[in-house]
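Trainee: predicted model, plus sequence, below.
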Amino acid sequence: QRVAQANYAGQTYTGVGLTRPPLPPMRDQSTPPIGYAQDGFYIVDKAAGMGSTDVVREIKRKLPKNTKIGHGGTLDPFATGVLVVLVGHATKLSDLFLHADKTYVANLRLGFQTTTGDLTGDVLPDTVRSVTEFSSDTVAHEHWQNVAQTFIGQDYLQRAPDYSSKKQDGVRFHTLARQGVKPPDRLNIKKIHQLFVLSVTPTEVTFKVTCESGTYVRVLAEDLAKRAGTTGHLVGLRRTKKNGLLLPEDKPLTEPLFVDLESWVRQQNTFLLSAPVTRDFRLGRVRTIQNVLESRDFMNFAGSAHYSLLAEGDNPSQLVGLAVQENQVWNLQRVFHAPHGGNGLERGF
């Protein structure tokens with residue numbers, strides 16, 4: 001059985017600015033609470049020049065004291081677009097957002113690389129190319145699209161940039177780089193799901209990419225330019241999609257949007273469990289958990305997805321667990337306990 005997957009591009013959102021969403025009506029004290037409307041996600045269209053922590057801090061300031069809050073993955077200060085801020089019980093799903101696929105629209109400036117791989121860095125003199133040296137094929141849309149397709153359908157070995165949060169002996173790469181120390185090469189295999197060239201001029205290429213978590217788009221931009229026979233660096237980056245949460249590509253949002261957690265749970269692809277299996281999951285009975293995650297029914301349901309929610313069959317909004325697939329093996333990452341009802345997050349893990 002399935003619960004239909006949501007498309008958050010439209011009316012599913014409720015615009016609430018940076019104010020607290022309304023609380024539900026008071027319930028009789030004999031009835032267990034089902035959580036507050038403040039549990040959910042703010043979908044923020046981050047502006048260029050603003051840090052991700054600044055956005056989280058601003059929203060936190062507008063919420064009741066001691067409200068739990070976090071983010072589902074940061075954006076570089078110069079980048080714009082989807083920043084997911086998790087509030088209340090939704091913070092316990094942060095791993096799901098941190099490791100989700102993402103979609104970006106990026107602007108690649110041709111002619112030279114920089115120390116950071118983007119417009120904030122210094123020019124690397126050895127990489128400078130005059131635009132007059134470019135052949136007609138280099139600026140042709142068809143040529144660039146053919147080059148882009150070489151990243152699809154195969155493992156993409158990507159080098160972590162010198163200016164990144166990777167660590168060497170406990171010290172971040174960007175700290176070493178600013179001290180004049182060259183960080184060691186750190187290679188990671190990444191998947192590029194889609195890569196489309198949107199426009200080409202003699203000096204700039206705009207492309208759209210959907211990639212797995214942990215992919216450095218500025219390094220991808222450099223590698224795209226290299227495969228095309230030139231050099232370049234990133235001058236614009238807009239994240240338009242993260243874990244199914246969408247933003248328009250051509251215009252910014254004027255205020256954050258709020259997605260209620262219980263509504264979101266009901267609209268996800270969810271694998272439903274019987275009452276006895278639900279009980280075994282919450283008791284941590286390993287054999288039952290393995291049998292479910294290795295069953296043909298679950299495999300056919302989940303397919304190649306990165307994650308799957310599991311819920312009570314009689315009440316799909318009652319979460320039981322979060323399963324994550326890695327190297328074609330499914331593992332139970334979290335168990336949700338909610339013996340008194342609600343969305344499955346109120347009693348912790």
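Mentor: Noted; the coordinates are in hand.
Trainee: would you map the helices across the protein?
Mentor: Using DSSP state H, the helices of the chain run over residues 52-62, 94-98, 141-149, 173-178, 217-227, 261-266, 275-282, 286-293, 296-302.
Trainee: against residue 127, how distant is the nearest residue to residue 42 once chain neighbours are set aside?
Mentor: With sequence-adjacent residues excluded and distances taken as CB to CB, 6 or more residues apart in numbering, residue 42 is closest to residue 85, at 4.2 Å. C-beta coordinates here come from the backbone N, C-alpha and C atoms, glycine included. Per CB to CB, to the nearest Å, residue 85 is found 37 Å from residue 127.
Trainee: neighbour count: these two, which is higher?
Mentor: More crowded of residue 85 and residue 127, by other CB atoms under 10 Å: residue 85, with 24 against 17.
Trainee: who does that one form a beta bridge with?
Mentor: As for beta bridges, residue 85 partners with residue 42, residue 71 under DSSP bridges.
Trainee: what sits against it?
Mentor: 41, 42, 44, 55, 56, 59, 69, 70, 71, 72, 256 (CB atoms under 8 Å, 6 or more residues apart in numbering).
Trainee: go again with 10 Å.
Mentor: Going by CB atoms under 10 Å, 6 or more residues apart in numbering, residue 85 touches 40-44, 46, 52, 55-56, 58-60, 69-72, 91, 256, 258.
Trainee: and those, which are buried?
Mentor: By neighbour count, with 16 or more other CB atoms under 10 Å, the contacts of residue 85 hold 40-44, 46, 52, 55-56, 59-60, 69-72, 91, 256, 258 as buried.
Trainee: the closest residue to residue 184 other than its chain neighbours and residue 336, how far apart?
Mentor: Once flanking residues are discounted, residue 184 sits nearest to residue 168: 5.9 Å by CB to CB, 6+ apart. Counting by CB to CB, the gap from residue 168 to residue 336 is 37 Å.
Trainee: neighbour-wise, which of those two wins?
Mentor: Comparing residue 168 with residue 336 by other CB under 10 Å, the one with more neighbours is residue 336, at 25 against 13.
Trainee: quick check: phi and psi on the more buried one?
Mentor: Backbone geometry at residue 336, expressed as degrees, to the nearest 10, gives phi -110, psi 130.
Trainee: correct me, but residue 75 touches residue 237?
Mentor: Yes. Because the distance of 7.9 Å satisfies CB atoms under 10 Å, residue 75 is recorded as touching residue 237.
Trainee: what's near enough to touch the closest residue to residue 99 other than its chain neighbours?
Mentor: If the residues on either side of it in the chain are set aside, residue 99 comes closest to residue 213, at 4.6 Å by CB to CB, 6+ apart. Contacts for residue 213 (CB under 10 Å, 6+ apart) come out as 73, 97, 98, 99, 100, 101, 102, 190, 191, 242, 243, 306.
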